[in-house]
Structure formats: structure tokens, C-alpha cells
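> Coordinates for the following, if possible.
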Amino acid sequence: MPAVAKEDLKVGVIHIGNPADGSGYSYTHDQGIVAMQKAVGLEDDQIIRKNNVADDDQTAIETAMRECVEEGCQIIFATSWGYMDACEALAEEYPDVIFSHATGYKSNEGFRSGQGDFKPGRRGGCTDQAAVRGGT
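Numbers count the residues shown, from 1 in each chain. Here you go, the predicted structure:
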């Protein structure tokens, strides 16, 4: 992925639930996104959230991810196991977008998966600007 200026960066997040519920899986993942947003200095309109995307509905998953791409996201965080296959497929279709999957075991160019690798703050650039340039 080529370097992206901070003001041009858009980050997509696909959640199985709604972080606004205030607790649970989606809320916890979203707290990492909030921390990354603050650390990097992104505006609210640079974070595109797709909430309540069932992880057993491949059409809904692909639609949410494609919407993120269409809205200009260069990085998409997928936070549920069932999103893995869509991430893998769409990463091949959109090589200029980084797909980062929270769980699972698959990966390819532009797509990283696995709990050990998924840390929204780290992948999103919380500690440095490397992720904004496409690194980890």
C-alpha cells in the first residue's frame, strides 16, 4: 500500500454487534479503534463503522466491506471469525486496501489474520505512523 497522508486516511471497521451497547465483544474491539483514532489524530469522519453485520451472512459481510472500500477506506478491520473468507477474497480484489482480520488463520498479500496479529491500536498506527504508511 502506498503512503497515505493522515488527513486522507479512512479506516473501516466491521462489527458483529453494536459498540454503542456499552459492553461486550464489539464494544471492546471498538475501544481499540477509539484509542487508535485518538493517538493518530483522526477525525470521526475518517472512521467508517459497519455495525450489526452477522458473521454467518456472507452477502452482508461483503456488502459492508465493499461499502467501506467505496467510502475510501484504505484499512479495514474485521472483528469476527466469520468475516475471514470475505477478507481473503476482497484483499485479492482490492490490493490497495489492507484487510486486517481479528481471528482466524488465513492471510495473503493485503490481508492479515490471527488473534496474535490483530491489535487495532498497533495495526492502525496507535504507537507510530508506520501503519498509516502501510506497515505494522
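> C-alpha only now, for contacts and for neighbours.
Fine.
> pretty sure residue 12 belongs to a strand, no?
Yes: the assignment for residue 12 is a strand, going by DSSP: H, G, I helix; E, B strand; the rest coil.
> pretty sure it is touching residue 79, no?
No: the criterion here is Cα atoms under 8 Å, and residue 12 misses it with residue 79 at 10.8 Å.
> show me the contacts for residue 82.
Contacts here follow Cα atoms under 8 Å, 6 or more residues apart in numbering; on that basis residue 82 touches 55, 56.
> Distance-wise, check it relative to residue 31.
Taking Cα to Cα, to the nearest Å as the criterion, residue 82 is separated from residue 31 by 21 Å.
> now residue 54
As judged by Cα to Cα, residue 54 and residue 31 stand 20 Å apart.
> More neighbours: the two, which one.
In this comparison of residue 54 against residue 31, neighbours counted by other Cα atoms under 10 Å, the higher total goes to residue 54 at 17 against 14.
> Checking the more buried one next. Helix, strand or coil?
With three-state DSSP as the criterion, residue 54 reads coil.
> What's the local residue count around the closest residue in space to it that isn't next to it in sequence?
Here the nearest residue to residue 54 in space, its sequence neighbours aside, is residue 16; by Cα to Cα, 6 or more residues apart in numbering that works out to 5.5 Å. As a burial measure, the neighbour count of residue 16 was computed by other Cα under 10 Å and equals 21.
> now do residue 104
When neighbours are counted by other Cα under 10 Å, residue 104 registers 17.
> What does the pLDDT read for it?
Reported pLDDT at residue 104 in the predicted model: 70.
> and it, what element?
Secondary structure here is read from DSSP states H and E; on that basis residue 104 sits in neither a helix nor a strand.
> you'd agree it is up against residue 85?
No: counting by Cα under 8 Å, residue 104 does not reach residue 85; the two are 9.5 Å apart.
> Sketch out the strands for the chain, chain order is fine.
If you assign secondary structure with DSSP state E, the strands in the chain sit at 11-14, 47-50, 75-78, 98-101, 111-113.
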